[in-house]
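Peer 1: Fold the stuff below for me.
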Amino acid sequence: MMPTLNERWNALFSNPFEAVRREIASRPRGIANGFGALSSWEDEGNYFVEMDVPGVALDDLSITFEKEHLLIEVTRKAPTNARNSWYDERAYGTLRRSLRLTDEVDAESVEAILSDGVVQIKIAKKPEHQPRRIPVRADGQKRLATS
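Peer 2: Model (predicted):
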């Protein structure tokens with residue numbers, strides 16, 4: 001049950017950390033905190049995916065492509081030192097994101113880079129699915145052969 005505005009107001013002045021803790025606890029972990037937020041787009045020859053993975057080491061990142069599915073799996077480990085936290089918005093654990101792509105992609109062309117807490121993925125489209133510019137020639141009176 002969601003607290004009323006009056007309950008939230010009273011909690012804010014009686015114990016500000018408790019109000020914030022409850023507000024954060026009502027949100028889903030992970031993506032709501034920016035961990036695992038994803039963008040995707042395409043151009044004429046490629047698909048692109050970027051995913052926010054702050055605090056993730058290269059060894060804790062796995063990207064696989066199988067049967068039209070791109071699977072990104074990241075693990076962000078909790079700090080190993082003992083903490084007596086009052087408040088913690090950060091998400092820890094393993095997050096899996098799966099994107100279904102069409103059969104237009106070239107599975108052998110997948111490239112990925114981890115830089116500044118963002119994993120960038122580029123997947124080329126198969127040549128037969130890329131737009132192809134048709135050259136047009138000017139040739140006076142000649143016509144194309146027709147059946």
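
Peer 1: Centre-most residue in this protein?
Peer 2: Centroid check for the chain by Cα atoms, centre = their mean gives residue 38 as the closest residue, at 2.4 Å.

Peer 1: need the next SSE after the worst-scoring helix or strand of the chain on mean pLDDT, C-terminal direction.
Peer 2: Using mean pLDDT, DSSP states H and E, helix 16-25 stands out as the lowest-scoring helix or strand of the chain, at a mean of 55. Read in the C-terminal direction, the helix or strand following helix 16-25 is strand 38-42, with elements assigned using DSSP states H and E.

Peer 1: Now the helix or strand that that following strand is followed by: buried residues?
Peer 2: Using DSSP H and E, the helix or strand that directly follows strand 38-42 along the chain is strand 46-52. Under the neighbour-count criterion of 16 or more other Cβ atoms under 10 Å, strand 46-52 has 46, 47, 49, 50, 51, 52 buried. In short, each C-beta sits where N, CA and C put it, glycine included.

Peer 1: Please apply the same query to stretch 90-110.
Peer 2: In stretch 90-110, counting by 16+ other Cβ under 10 Å, buried: 91, 95, 97, 99, 101, 105, 106, 110.
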